[in-house]
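Trainee: Based on what follows, work out the 3D shape:
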Amino acid sequence: MGMTWQMLVIDTLWALSIGGLVWYIGRVWTQITYVTLADGRQQERRLPVLFRLLLPLAPNVTPFFRTQRFDKMRDDINRRIVMAGYEGLITAEEFLALRVLVPLVVGVVLSLSLGFAIAHMPPNIQYKLAARQVLFYIMFFALGFIWPGMWLGKAIRLRHRQIERALPFVLDLLTLSVEAGMDFMSAIKRIIERRTLDALSEELIRAFREVQLGRTRREALKLMAERTGQADVNSVVSALVQADELGVSIGNMLRIQADLMRTRRFQRAEKLANEAPVKMLFPLLMFIFPSVFIVLLGPIVVQWLKSGF
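Mentor: Now for the predicted structure:
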């Protein structure tokens, strides 16, 4: 009777623990986070669920990364976080802490799951997998360590792609506005008021606010190029700064840059189209050809088996 009550208490505690964990994961999963733009508007931006689950544990690790030896690493990660558009949601210290916490949590959970699965396998399979268990553990920990950096790199590439797509249209609007007699900063203000919010609009809003707060137009544009780290933006900003220094007409320079960006965009599309056959070769060999052989030779093999070889 005593053992029955003990088992009941243990099962109840396990159920409460699992229920609380599921509730916490569901709450974090549905949580919406925002970044605040330079004009006060908020734009939705979501961190990965695993990051949000582990961020409450980050303060236990972040003091280690505040030392002087990590200054260069923190500066580089801060720059990459700004490029990805997650400034204000996560700091460099928290990101470095996640690079420690993610492999620990992912590695421990996957290792325990693997150990539990191996324990319920036949003895001969247990013996074979036990020799490779350490290799699996190393792979799990390595995957957890690499994944945060892969996510950040993907976020940067996605933001750069958004800027590449929007830049030619924004340059066209700037060209029309400037050639119609509007001031350059007034043209930017009109564009950010009328366009839907995207990565390029966010950067233009910030540059415009910096000019309003006292920076020169040249400084604001250079800072925008540094924040984005995107090649096309750097090219346009360099051309505008040079035109400003030499006294060249900004309208003509904008028109030249718009044509150049459109040409580059066409060249990138052409390059992707030329790469498509090479990228299709692997799935073609791995999936389509075997399927064709199965369809063609399947009936023959079935008849061969039925005839008793």
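Trainee: Could you use CA atoms for every contact and neighbour count after this?
Mentor: OK.
Trainee: for the stretch 51-200 of the chain, which spans come out with low pLDDT?
Mentor: Within the stretch 51-200 of the chain, the stretches with pLDDT under 70 are 110-134, 136.
Trainee: Which parts of it are helices?
Mentor: Here the stretch 51-200 of the chain has its helices, by DSSP state H, counting those that start in this stretch, at 71-84, 92-119, 123-179, 184-194, 199-212.
Trainee: ok, residue 82 - contacts?
Mentor: 227, 228 (C-alpha atoms under 8 Å, 6 or more residues apart in numbering).
Trainee: Check the gap between it and residue 20 for me.
Mentor: Distance, residue 82 to residue 20, by C-alpha to C-alpha, to the nearest Å: 35 Å.
Trainee: What is the helix or strand harbouring residue 223 packed up against?
Mentor: Element membership for residue 223, per DSSP states H and E: helix 217-228. If you count contacts as 3 or more C-alpha pairs under 8 Å, 6 or more residues apart in numbering; DSSP states H and E, helix 217-228 packs onto helix 71-84, helix 199-212, helix 231-246.
Trainee: how distant is the longest one from the center of its chain?
Mentor: In this case it means helix 231-246. Between the mean C-alpha location of helix 231-246 and the chain-wide mean there is a distance of 28 Å, by C-alpha atoms, centre = their mean, to the nearest Å.
Trainee: Over to the first one?
Mentor: Taking C-alpha atoms, centre = their mean, one finds helix 71-84 lying 14 Å from the centre of the chain it belongs to.
Trainee: Give me the angle between that helix and helix 217-228.
Mentor: Interaxial angle, helix 71-84 versus helix 217-228 (axes from the mean of the first three to the mean of the last three C-alpha atoms, to 10 degrees): 100 degrees.
Trainee: Using the record's domain definitions, break this structure down for me.
Mentor: Structural domains assigned to the chain are 43-159, 161-266, following automatic domain parsing.
Trainee: Turn the ones you listed into TSV, columns for distance to residue 283.
Mentor: Shown next, in TSV, are these (distance: least, C-alpha to C-alpha, whole Å):
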stretch	distance to residue 283
domain 43-159	23
domain 161-266	25
